[in-house]
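Peer 1: just need the structure, nothing else, for what follows:
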Amino acid sequence: TAGDDAQGEACAQAAVDAGALPHIVAAMHVHAANAAVQDQACRALINIAAGNDAHRDARRQAAADAGALPQIVAAMRAHEANADVQQWACRTLVSITASNSAQGDARRQAA
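Peer 2: Residues are numbered from 1 along each chain as shown. The predicted model follows:
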């Protein structure tokens, strides 16, 4: 993913700081029937949630707070036969819910 190096992590943080997360989640909601939008939104979310920097868990929590988890699950339900949506949605769920913190536990329960 793009967020696995310092430059990618900085870009991911810049996206969050610019307010991208609510817009990504809104696009998933508005274009729920469009598999390409769901696929690309999941890819964007996984890149934002990736990385090893000090802000990674905060980005993951911000994605959850923006409503990403239910939208990802909705995408999986709406596009059960689309392998790309299923693959990227699963990867994104893993990425957003990964953490050894209480917040990570809560995100896993929410998913």
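Peer 1: let me know the pLDDT of the residue of the chain most remote from its centre.
Peer 2: Within the chain, the residue lying farthest from the chain centre (Cα atoms, centre = their mean) is residue 81, at 20.5 Å. Here the pLDDT value assigned to residue 81 is 98.
Peer 1: residues touching the spatially most central residue of the chain, list them.
Peer 2: The residue lying closest to the centre of the chain (Cα atoms, centre = their mean) is residue 45, at 3.0 Å. Listed by Cβ atoms under 8 Å, 6 or more residues apart in numbering, the contact set of residue 45 reads 21, 24, 63, 68, 72, 92, 95, 96. The way it works is simple: take the backbone N, C-alpha and C, and place the C-beta from them, glycine included.
Peer 1: output these in CSV; the columns should cover pLDDT, secondary structure and distance to residue 12.
Peer 2: Shown next, in CSV, are these (pLDDT from 0 to 100; DSSP: H, G, I helix; E, B strand; the rest coil; distance: Cβ to Cβ, whole Å):
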residue, pLDDT, secondary structure, distance to residue 12
21, 98, helix, 11
24, 98, helix, 12
63, 96, helix, 10
68, 97, helix, 14
72, 98, helix, 17
92, 96, helix, 13
95, 91, helix, 11
96, 91, helix, 12
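Peer 1: which one of these is nearest to residue 38?
Peer 2: Nearest to residue 38 among the contacts of residue 45 is residue 72, at 8.4 Å by Cβ to Cβ.
Peer 1: distance of that closest one from residue 39?
Peer 2: 11 Å (Cβ to Cβ, to the nearest Å).
Peer 1: how about low-confidence regions in the chain?
Peer 2: Residues of the chain that meet the criterion pLDDT under 70 lie in 1-4, 99-111.
Peer 1: which stretches in it count as strands?
Peer 2: Counting by DSSP state E, the chain yields no residue ranges for strands.
Peer 1: all helices for the protein, in order.
Peer 2: In the chain, the helices defined using DSSP state H lie at 6-17, 20-30, 35-49, 56-65, 68-78, 83-97, 102-110.
Peer 1: of those, flag the one that's most buried.
Peer 2: Burial of the helices of the chain is given as mean neighbour count (mean count of other Cβ atoms under 10 Å); helix 35-49 ranks first at a mean of 23.
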